[in-house]
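Chemist: Fold the following.
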Amino acid sequence: VACLTSLISVCIIAALTKVPWPKAEKKRETKHTPLLRKDLALAGMNQVAVWTQRPFNYFPRFTQEGLK
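Modeler: Next up is the predicted model:
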């Protein structure tokens, strides 16, 4: 619960301060998408766009290798 709370806090702070968030989003279908769509339909949510997020290194040179 503490981890989830801190993650939500970070997301809210990032949204309020417009901090760049290191992620890439794209619309994508996976092998689990049909199951997800079925569960969402049972919950009354139809025609939901499914997007995936992939984190990436926003500052690639600020690593031990990049600073050498």
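Chemist: Give me the phi and psi for the residue nearest to Val50 when sequence neighbours are not counted.
Modeler: Counting by C-beta to C-beta, 6 or more residues apart in numbering, Thr33 is the residue found nearest to Val50 once chain neighbours are left out, at 5.5 Å. In short, each C-beta sits where N, CA and C put it, glycine included. Backbone torsions for Thr33, taken as degrees, to the nearest 10, come to phi -60, psi -40.
Chemist: Trp51 now?
Modeler: Main-chain torsions, Trp51, degrees, to the nearest 10: phi -120, psi 150.
Chemist: Tell me how many other residues surround it.
Modeler: As a burial measure, Trp51 scores 9 neighbours (other C-beta atoms under 10 Å).
Chemist: Now do it, the pLDDT please.
Modeler: Trp51 is assigned a predicted lDDT (pLDDT) of 74.
Chemist: From what I see, it and Lys27 are in contact.
Modeler: Yes: if you go by C-beta atoms under 8 Å, Trp51 and Lys27 touch, sitting 5.6 Å apart.
Chemist: if we can go back for a sec, distance of the residue nearest to Val50 relative to Trp51?
Modeler: Applying C-beta to C-beta, to the nearest Å, the value for Thr33 to Trp51 is 11 Å.
Chemist: Run a quick neighbour tally on Leu40.
Modeler: Using other C-beta under 10 Å, Leu40 has 14 neighbouring residues.
Chemist: Once you drop chain neighbours, what's closest to it?
Modeler: In space, and not counting its chain neighbours, Leu40 is closest to Val48: 5.2 Å by C-beta to C-beta, 6+ apart.
Chemist: okay, that neighbour: pLDDT?
Modeler: Looking at Val48, its pLDDT reads 79.
Chemist: Mind checking what secondary structure Asn46 has?
Modeler: Three-state call for Asn46 (DSSP: H, G, I helix; E, B strand; the rest coil): coil.
Chemist: try Arg54
Modeler: strand.
Chemist: On the strand side of things, show who it bridges to.
Modeler: On the basis of DSSP bridges, Arg54 is bridged to Ala24.
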